[in-house]
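Trainee: Sequence first, then the predicted structure:
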Amino acid sequence: MEETPAIRIRDLVKRYAPAGQGEGKLALSGVSFDVPQGQIFGLLGPNGAGKSTLINTLAGLVMKSSGTVEIWGHNIDHAQRNAKACIGIVPQEIVFDPFFTPIEVLEIQAGLYGVPKAMRRSMELLRAVHLADKANAYARSLSGGMKRRLLIAKAMVHSPPILVLDEPTAGVDVELRRQLWELVGELNSQGVTVVLTTHYLEEAEQLCDRIAIINHGKLITDKPTRELVEMAREKIVVLTLDRAVEAAPAHEKFMKSAVTGERTVEIGYDKDRMNAGEVLALVQGQGYGIVDVSTREADLEDVFVTLTSRAA
Ligand SMILES: Nc1ncnc2c1ncn2[C@@H]1O[C@H](COP(=O)(O)OP(=O)(O)OP(=O)(O)O)[C@@H](O)[C@H]1O
């Protein structure tokens, strides 16, 4: 039997109510994907793509217009309580009452979730996020990085199997980013399924087992990170031809070719299978004169740009 996905999303649509006249903003237009159990799953997309809308739907903060969402097998419409119990959300913004101490923050949160005193593990969580020595400090005295780690602990008070982080490293410095990655990795190795949104492709590449990209409210890819990076195996030759062309030179060995200017074309090729010299020979063999050549490597950024612009 197939394992239940940690999160199952089908045909998710969210249209925000219009502020005045008009139709309102279609933030998610029929998104479907699964987050497999035990993975670190990255949700990527440009600003305004719909990432926060999707996460807030999981959190129960945004009411979807239609579609199905199951969290650890619990439908959020019919089994809201169970669904909520299975997910912990770390919001983008840092919000704490400055007069509570970290241990109090966790105890209060545990109370809100109805975790019985005997089952609480506030100190253990503080140790896990490396804040045990700050248990009794005022939240306002914590550094930005400490506050972010406390937010992660706060999202885990009810021991959910899924942890969702919305832009965990937006605007944080390199060192803190590294610490947060480590912490996410530690939680994941203890069995927690992690979903995170990020703008940093490098972060997604290093951290995530699987990546979904959304753009304009649509899912444009959902693949193991390895496969997505494989797509960057191509190298690109930029050619200036001796005359204007309407169609780019085509060949079955080219991964793609496109006219990018009146006389310029870009040809993508698999760098494991051929080299730029062969590309040039094939183009010249078709009767094109070449007046200038440059090459560049594609990376996850290219894959991202290609996929998001194709879907635009
Ligand atoms: N409460 C709202 N009312 C109306 N429109 C909204 C609301 N919240 C978001 N939107 C719109 O829905 C679209 C998706 O927004 P969303 O915040 O989900 O994107 P995002 O991918 O999270 O972007 P970012 O990376 O900037 O946070 C945007 O066009 C946004 O302007």
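Mentor: On my side now, so go ahead.
Trainee: got the residue ranges for the helices in the protein?
Mentor: Counting by DSSP state H, the chain has helices at residues 51-58, 80-85, 102-112, 122-128, 144-155, 174-189, 201-207, 225-230, 276-285, 300-311.
Trainee: Just say which of those is most tucked in.
Mentor: Highest mean neighbour count among the helices of the chain (mean count of other C-beta atoms under 10 Å): helix 51-58, with a mean of 23. C-beta here means a position set from N, CA and C on the backbone, and glycine is covered the same way.
Trainee: The ligand contacts on the protein?
Mentor: Within the chain, the positions lying close to the ligand (C-beta under 6 Å from any ligand atom) are Y16, K25, A27, G45, N47, G48, A49, G50, K51, S52, T53.
Trainee: Can you name the residues that contact the spatially most central residue of the chain?
Mentor: By C-alpha atoms, centre = their mean, the chain has its centre lying nearest to L43, at 2.0 Å. Neighbouring residues of L43 by C-beta atoms under 8 Å, 6 or more residues apart in numbering: K51, L54, I55, V195, L196, T197, T198, I211, A212, I214.
Trainee: got the contact list for the residue lying closest to L106 once chain neighbours are set aside?
Mentor: Leaving aside its sequence neighbours, L106 sits nearest to S122 (C-beta to C-beta, 6 or more residues apart in numbering; 4.0 Å). By C-beta under 8 Å, 6+ apart, the residues touching S122 are I103, L106, E107, A110, V157.
Trainee: returning to what we had before: reformat the helices of the chain as CSV; add mean pLDDT.
Mentor: Shown next, in CSV, are those (pLDDT from 0 to 100):
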stretch, mean pLDDT
helix 51-58, 94
helix 80-85, 94
helix 102-112, 95
helix 122-128, 92
helix 144-155, 91
helix 174-189, 88
helix 201-207, 85
helix 225-230, 84
helix 276-285, 94
helix 300-311, 70
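Trainee: Tell me which of the ones you listed sits nearest to D166.
Mentor: Taking C-beta to C-beta, helix 51-58 is the member of these nearest to D166, at 5.2 Å.
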